[in-house]
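> Got a predicted structure here, sequence first:
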Amino acid sequence: DLKHHDSLSNEYGVPLDSRGTFTKADWLMWVYSLGTEEQLNAQIEKLWKFADETEDRVPFTDWYDTLSAKQQGFQARPVMGGIYAKMLL
């Protein structure tokens, strides 16, 4: 249920799981594409905020921290097509 995920949301999105505060942008968009427009738009705003405010100036990363907006390692990967998941549903 996305209501549970919503309750875990941080400034830059919902953590992927309980191992830490990192998330994957593609996962976030795939999951929230199955929710309501309001839920999806809230996460899109957080993803946009991450991309706009991160100090890491590298190609769009899919793996980042939801509290600090720091890149965790990946960048410019094909999985980023997942941000368009809503168009496929």
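Cool, got the structure.
> Leaving out chain neighbours, which residue sits closest to the spatially most central residue of the chain?
Centroid-nearest residue in the chain, with C-alpha atoms, centre = their mean: Ala25, separated by 3.4 Å. Nearest residue to Ala25, sequence neighbours excluded (C-beta to C-beta, 6 or more residues apart in numbering): Asp62, at 4.7 Å. Heads up, the C-betas are built off the backbone N, CA and C, glycines and all.
> pLDDT score assigned to the residue nearest to the centre of the chain?
Ala25 is assigned a predicted lDDT (pLDDT) of 95.
> starting at the chain centroid, how far to the longest helix along the chain?
In the chain, assigned by DSSP state H, the helix with the most residues is helix 37-53. On the basis of C-alpha atoms, centre = their mean, to the nearest Å, helix 37-53 sits 8 Å off its chain's mean C-alpha point.
> Same question for stretch 25-35.
On the basis of C-alpha atoms, centre = their mean, stretch 25-35 sits 8 Å off its chain's mean C-alpha point.
> residues of that stretch that come out buried?
The neighbour-count check on stretch 25-35 (16 or more other C-beta atoms under 10 Å) flags Ala25, Asp26, Trp27, Leu28, Met29, Trp30, Val31, Tyr32, Ser33, Gly35 as buried.
> got a list of what the second one touches?
Contacts here follow C-beta atoms under 8 Å, 6 or more residues apart in numbering; on that basis Asp26 touches Asp62, Val79, Met80, Gly81, Gly82, Ile83, Ala85.
> Kindly recompute the last result at 7 Å.
Asp26 sits next to Asp62, Val79, Met80, Gly82, Ile83 when contact means C-beta atoms under 7 Å, 6 or more residues apart in numbering.
> what does the third one give?
Trp27 makes contact with Leu16 under the criterion C-beta under 7 Å, 6+ apart.
> A helix includes it, no?
Yes: under DSSP: H, G, I helix; E, B strand; the rest coil, Trp27 falls within a helix.
> Going along the chain, name the strands of this structure.
22-24, 63-65 (DSSP state E).
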